[in-house]
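Colleague: Got a predicted structure plus its sequence, pasted below:
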Amino acid sequence: MLFRSVEIESDIIELKNGDIILMVSDGIIDADEEKKEEWVIKTLKGFDNGNPKEIAEYILNCAKGKCGDRIKDDMTVLVSKIWGSN
């Protein structure tokens, strides 16, 4: 058995054209052990590109830079952008 237990959270949120969904593993959050989520939010505010691939690479590279050669956990970044017709 791969998973002994699974927890599922569900929310209903209305997304609009251009909205971006960002999901990261705890390895990204913990790259800055003092600031946790704050560093990710601050980093995103300073990034001016709506391309999901570039956002993911930027966050991952920033996290790796914070850790140097001391990466302690997996680092996963998943970014999706909502594309819709108006």
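Modeller: Nice, I can see it.

Colleague: okay, CA-based contacts and neighbour counts for the rest of this
Modeller: OK.

Colleague: Show the pLDDT at the most centrally placed residue in the chain.
Modeller: For the chain, the residue sitting closest to the mean C-alpha position, by CA atoms, centre = their mean, is V24 at 3.4 Å. Note on V24: pLDDT of 93.

Colleague: Pairing partners for it in the sheet, please.
Modeller: V77 (DSSP bridges).

Colleague: quick one: it and A63 touch, right?
Modeller: No: V24 lies out of contact with A63 (CA atoms under 8 Å); the separation is 10.8 Å.

Colleague: secondary structure element for I21?
Modeller: strand 20-24 (DSSP states H and E).

Colleague: List the contacts of that strand.
Modeller: P52, M75, T76, V77, L78, V79, S80, K81, I82 (CA atoms under 8 Å, 6 or more residues apart in numbering).

Colleague: Let me know the helix or strand that L44 is in.
Modeller: helix 37-45.

Colleague: Mind listing what's buried along that helix?
Modeller: W39, V40 (16 or more other CA atoms under 10 Å).
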